[in-house]
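S.K.: Requesting a structural model of the entry that follows:
(one chain, ligands or ions: 1)
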Amino acid sequence: MVKLQVAIDLLTTEDAIALATKVAPYIDIIELGTPLIKSEGLAVITAMKKAFPDKLVFADFKTADAGELEADMAFGAGADLITILGATGDATIIGAVKSAKKHGKGVVVDTIGVLDRVKRAQEVIALGVEFVELHAGLDEQAQPGYSIQVLIDEASRAGVPVSIAGGVKLSNIAAVKASGVKVAVAGAAIYGAADPAAAAKELREALDA
Ligand SMILES: O=C([C@H](O)CO)[C@H](O)[C@H](O)COP(=O)(O)O
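M.R.: Okay, here's the model as predicted:
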């Protein structure tokens, strides 16, 4: 079964928990977006895990250095998964994996800004990470000509556990699923919808079809 991850790029704990409450029945992983964590600090992680102990809480730290220390901070606050940047050196990822093993949690490598995402995904899986996020960030998505098809093609040939993040929505979720991903990440398609619960439900049903 492909897991559905909601990426919450809102700025307050109150709004994040309100959104998670609406969509929880349909999602597996609650991602606290980088701007949310920068805005609210580690407390948002603790609050979300307390509110949803049965969901995986994903702290989108996008860590670039001090991997073990930052992973200790995220896991200590209640996160189940943390992102480390694939663009950084292996030592940072190895440090975070060490922390994850200590806490019984997991590391996800975010390939934002990496030129050869597939090659980097294959390299970092060997370091013990859970899965790799093939990711086009919000700024890359805003560039003229951006298409999620690039990520879908990359997922099809990655040969290692990956997620796709970067404009996942109802019109492309079937193709995202068919690419063989472990996790589909949807942010704006859910938090920006007039009815987030309905949007999450439709994505869930498409993944389960
Ligand atoms: O990780 C993200 C971004 O860097 C801002 O935090 C997004 O959550 C991710 O790109 C998914 O967002 P959508 O494209 O809105 O689905």
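S.K.: Assumed Thr83 was part of a strand.
M.R.: Yes - Thr83: assigned to a strand according to DSSP: H, G, I helix; E, B strand; the rest coil.
S.K.: Show the pLDDT at it.
M.R.: Note on Thr83: pLDDT of 98.
S.K.: That one against Glu70, yeah?
M.R.: No - Thr83 lies out of contact with Glu70 (C-beta atoms under 8 Å); the separation is 10.0 Å. (Each C-beta comes from the backbone N, C-alpha and C, glycine too.)
S.K.: Return every residue with contacts to both of those two.
M.R.: Phe61, Thr63 (C-beta atoms under 8 Å, 6 or more residues apart in numbering).
S.K.: ok, these two, which is more surrounded?
M.R.: Neighbour tally, Thr83 and Glu70, criterion other C-beta atoms under 10 Å: the higher count belongs to Thr83, 27 against 22.
S.K.: ok, and what's touching the lowest-mean-pLDDT helix or strand in the chain?
M.R.: Of all helical and strand segments in the chain, the minimum by mean pLDDT, DSSP states H and E falls on helix 138-141, at a mean of 91. Helix 138-141 is contacted from outside by Asp9, Ile112, Tyr146, Gly166, Gly167, using C-beta under 8 Å, 6+ apart.
S.K.: Strands along the chain, start to end?
M.R.: For the chain, applying DSSP state E gives strands covering 3-8, 29-32, 56-63, 81-85, 106-110, 131-135, 162-165, 183-186.
S.K.: okay, the ones you listed in TSV with distance to the ligand next?
M.R.: Shown next, in TSV, are these (distance: least, C-beta to the nearest ligand atom, whole Å):
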stretch	distance to the ligand
strand 3-8	3
strand 29-32	6
strand 56-63	5
strand 81-85	8
strand 106-110	7
strand 131-135	6
strand 162-165	4
strand 183-186	5
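S.K.: Report the closest residue of the protein relative to the ligand.
M.R.: Residue nearest to the ligand within the chain: Gly187 (2.8 Å; C-beta to the nearest ligand atom).
S.K.: ok, Gly128 touching Val107?
M.R.: Yes - between Gly128 and Val107 there is a contact under C-beta under 8 Å: 7.4 Å.
S.K.: Mind listing the shared neighbours of those two?
M.R.: What both Gly128 and Val107 touch, as defined by C-beta under 8 Å, 6+ apart, is the set Val97, Ala100.
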